[in-house]
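Q: Sequence and predicted structure, then a few things I'm wondering about:
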Amino acid sequence: MASLPPDPGELTEAYLRLLATIERSLATYVYSLVASGSDAQDILQEVRITMWKHFPSFEPGTNARAWAQRIALNHILNYRRSERKRPSLSLDEAFIEAIASEIDRQGDRLDQQSEALKNCLRKLPEPHRKIILWRYYEDCGIEEIAQKSQRSVDAVYRLLSRVREVLQECVQRPNTHPSVL
């Protein structure tokens, strides 16, 4: 029995969700490899179009960031080939590919650290996790956190310092259980 083609609305929504999750890292990737901001913006637009054209063949569950960066690298290399007329802006393709490879490697490392940090945050006692969330995710000031947590401003500073140290150690040694005094 033949499968039904995907609903265009669902396909569009899935693409936009995927794009939202990788947009920042994709832009960072392109801007780090293209000297001109306007050229980088043009390339990003072409990458988004190419991603949309090839999205029906994208395999859900695979590394979307790597997929998008491969598409971006092809566009960047094509851009570089067309720019060879300007020797002052031209970089060797092997150099561009080496930089792209290093960015991929660093991106994977940052993804692993981000996942380790999420796991470490889950291990924190609830009151400490709340303080971290207020400070770094809700962008609350120290005074506001002190008020919410019924602590002094100095106590909040000391606690944040200890929690940051514990989280850093936990990220570096993911099998430890964080404890904050």
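A: Yep, it's here.
Q: Over to Leu124: give its phi and psi.
A: phi -70, psi 150 (degrees, to the nearest 10).
Q: How many residues are close by it?
A: Leu124 has 21 neighbours, counted by other Cβ atoms under 10 Å. In short, each C-beta sits where N, CA and C put it, glycine included.
Q: Equivalent analysis for Ala68, please.
A: Ala68 is flanked by 24 other residues according to other Cβ under 10 Å.
Q: ok, now Glu169?
A: Neighbours around Glu169, by other Cβ under 10 Å: 12.
Q: Tell me where the protein has helices.
A: Taking DSSP state H as the criterion, the chain carries its helices at 8-33, 37-54, 64-82, 93-123, 126-132, 142-149, 153-172.
Q: what bits of this structure have low per-residue confidence?
A: Scanning the chain for pLDDT under 70 picks out 1-6, 84-94, 174-181.
Q: again, 50 this time
A: Per-residue confidence for the chain (pLDDT under 50) gives these ranges: 1-4, 89-90, 180-181.
Q: Leaving out sequence neighbours, find the closest residue to the residue most central in space within the chain.
A: Centroid-nearest residue in the chain, with Cα atoms, centre = their mean: Ser25, separated by 4.7 Å. Closest residue in space to Ser25, ignoring its immediate chain neighbours: Arg65 at 5.5 Å, by Cβ to Cβ, 6 or more residues apart in numbering.
Q: what's the burial count for the one you found?
A: Arg65, neighbours per other Cβ under 10 Å, totals 18.
Q: Right, I'll call it a day here.
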